[in-house]
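Visitor: okay, structure incoming, though there's no sequence with it:
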């Protein structure tokens, strides 16, 4: 046996501990099951996808540039959170 160290966000670790406990297993058992399945199937045992449109897509970069131009030209409206909430309540 070999020990492997994995870094997780604290909240994710707590949620994973709870989920595994509800299933009657430890987090180590969870990762062992995951690794054995990945090795057996020779694939990641769930689908991994990239977003359909990248943040840096041509369309998004154009929109960001237009927003920047509006800021530079002073074509913006500034509201406080209280003013926005009042508008939402109206």
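Guide: Nice, I can see it. All figures in this text were calculated on a predicted structure; none of them were measured in a lab.

Visitor: for this structure, what spans make up the helices?
Guide: Along the chain, the segments classed as helices by DSSP state H run 10-22, 27-41, 58-72, 81-89.

Visitor: now do the third one: everything it contacts.
Guide: With Cβ atoms under 8 Å, 6 or more residues apart in numbering as the contact definition, helix 58-72 has outside contacts at 53, 54, 76. Backbone N, C-alpha and C define where each C-beta goes, glycine included.

Visitor: just put the residues you listed in a markdown table and tack on pLDDT.
Guide: Formatted as a markdown table, the entries for those read as follows, by pLDDT from 0 to 100:
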| residue | pLDDT |
| --- | --- |
| 53 | 74 |
| 54 | 77 |
| 76 | 88 |
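
Visitor: mind giving me TSV with those and columns for distance to residue 30 and neighbour count?
Guide: Converted to TSV, the contacts of helix 58-72 look like this (distance: Cβ to Cβ, whole Å; neighbours: other Cβ atoms under 10 Å):
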residue	distance to residue 30	neighbour count
53	33	10
54	32	11
76	49	9
